[in-house]
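Engineer: here you go, sequence then predicted model.
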Amino acid sequence: MNILCVDDEPIVLEQLEHILQPVFPFLNFFFANDSSQAISISKENHFHLAIVDIEMPGKSGLELVRDLKEHQENLPVVILSAHQDFHLAKTSIHLGVVEYLTKPIFEDELKETVSRFTSEIYKRGYSKLINETLSVIEVFYEQRLSLQEVSSKVHVSPAYLSRRFSEEVGTSLTDYINQYRLEKAKLLLLTTEDTISSIAEKTGFNSLHYFSTQFKKKENMTPKEFRERN
């Protein structure tokens, strides 16, 4: 999944990269420092979400949004602005902007916004059964959640769900649940002071050892090292 970030301030682009890439390593981020560069990149890549500064020299953020939507009519766009402006917000809504965030950027708000829209985008191409399964995982990931338990909640057999999930999502249900929990754990590691043991429990891992093993396998570092480096 590709995310386009556009801002004329290098420090803001660095901030976006620093905030988002560690939490969403499965996303591909593209960075542009003006509208012309953004348009050039958009002609060569399909984007699933754009984060655009509204006030840039030359072509403004709103003009850029219009241009981007000529290439991708249904592209979700998040606008960044240094101040609240009712007129700009109203115009943004008419252009189909899905979120309006003010600077300075609040990390938690930005992460929640990207998480919410990427989750919605992932669901669009799936069948009703798989969307229901993903919703079950989102709601119950903190609890014990085996293939048998998930299949009972969506009212199909474990074997049928396992096959359909692998066919549509491209990974096993168990691996997806583990990955989903790890992404939630990374967010807690970066945004809270909870102990690693507490985070493991909150994200549905049945032991600290198993959590640490799975985390290191995926990230090539321990949860403690991940927290310290970010």
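Structural biologist: Yes, it's here. Numbers count the residues shown, from 1 in each chain.
Engineer: walk me through the domains of this structure.
Structural biologist: The record's domain split for the chain, according to automatic domain parsing, is 2-122, 127-229.
Engineer: now for the residue nearest to Phe165 when sequence neighbours are not counted, how many residues are close by?
Structural biologist: Leaving aside its sequence neighbours, Phe165 sits nearest to Leu173 (C-beta to C-beta, 6 or more residues apart in numbering; 4.7 Å). C-beta here means a position set from N, CA and C on the backbone, and glycine is covered the same way. Using other C-beta atoms under 10 Å, Leu173 has 22 other residues around it.
Engineer: coming back round to it: lowest average pLDDT across the domains of the chain?
Structural biologist: Set side by side, the domains of the chain differ in mean pLDDT, and domain 2-122 is lowest with a mean of 83.
Engineer: just give me how far that domain sits from the chain centre.
Structural biologist: Distance, stretch centre to chain centre, for domain 2-122: 13 Å (C-alpha atoms, centre = their mean, to the nearest Å).
Engineer: against Leu64, how distant is Ser197?
Structural biologist: Distance of Ser197 to Leu64, given as C-beta to C-beta, to the nearest Å: 46 Å.
Engineer: repeat that for Arg163.
Structural biologist: Taken as C-beta to C-beta, the span from Arg163 to Leu64 is 44 Å.
Engineer: looking at these two, which is more packed in?
Structural biologist: Leu64 (26 against 11).
Engineer: list the residues that contact the spatially most central residue of the chain.
Structural biologist: Using C-alpha atoms, centre = their mean, the residue of the chain that lies closest to the mean C-alpha position is Ser115, 3.3 Å off. In this structure, Ser115 makes contact with 24, 187, judged by C-beta atoms under 8 Å, 6 or more residues apart in numbering.
Engineer: show the contacting residues for the residue lying farthest from the centre of the chain.
Structural biologist: Within the chain, the residue lying farthest from the chain centre (C-alpha atoms, centre = their mean) is Ser157, at 30.3 Å. Ser157 makes contact with Ser151, according to C-beta under 8 Å, 6+ apart.
Engineer: can you give me phi and psi for it?
Structural biologist: With angles defined as degrees, to the nearest 10, Ser157 sits at phi -70, psi 150.
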